[in-house]
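In: got a structure for you, letters missing:
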């Protein structure tokens with residue numbers, strides 16, 4: 001795990017919507033995210049700190065309403081945490097650099113990993129491949 005990236009006042013560097021997702025663990029409405037149907041080649045990074053998270057090569061249409069990926073760029077880019085909120089047993093995906101909430105991971109994705117990283121668009125920025 002990398003050293004935590006610390007921001008003293010996240011409300012000054014994030015939009016209100018990004019703040020609600022990344023710092024308050026909210027969830028954007030299904031089928032509303034800007035990256036749901038995004039098709040460009042490149043890398044998805046944390047909207048809070050720029051940490052590289054997902055490659056466009058691992059993005060797939062899960063039908064869930066959120067951008068989905070079958071793997072992370074590196075195992076060090078995220079932390080996985082148990083999440084028992086709302087009476088459900090889930091695994092939360094958190095940016096390893098800034099601790100921002102990104103979404104959840106499920107075991108119903110495609111091969112080769114069988115993982116579905118279900119991620120909020122508001123927790124991401126995109127860097128297009130040049």
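Out: Structure received. Since the structure is predicted, the reported quantities are computational estimates derived from the model, not experimental observations.

In: my read is residue 110 is in a strand, agree?
Out: No. Assessed by DSSP: H, G, I helix; E, B strand; the rest coil, residue 110 does not belong to a strand; its assignment is coil.

In: dump the residue contacts of the residue nearest to it when sequence neighbours are not counted.
Out: Spatial nearest neighbour of residue 110, excluding adjacent residues (CB to CB, 6 or more residues apart in numbering): residue 70 at 5.4 Å. Yep, even glycine has a C-beta here, placed from its N, CA and C like the rest. For residue 70, the contact set (CB atoms under 8 Å, 6 or more residues apart in numbering) comprises 58, 60, 109, 110, 111, 112, 113, 114, 115, 116, 117.

In: if we go to 7 Å?
Out: 58, 60, 109, 110, 113, 115, 116 (CB atoms under 7 Å, 6 or more residues apart in numbering).

In: Not including adjacent chain positions, what is the nearest residue to the last one?
Out: Take residue 116 and drop its neighbours on the chain: the residue closest to it by CB to CB, 6+ apart is residue 109, 3.5 Å away.
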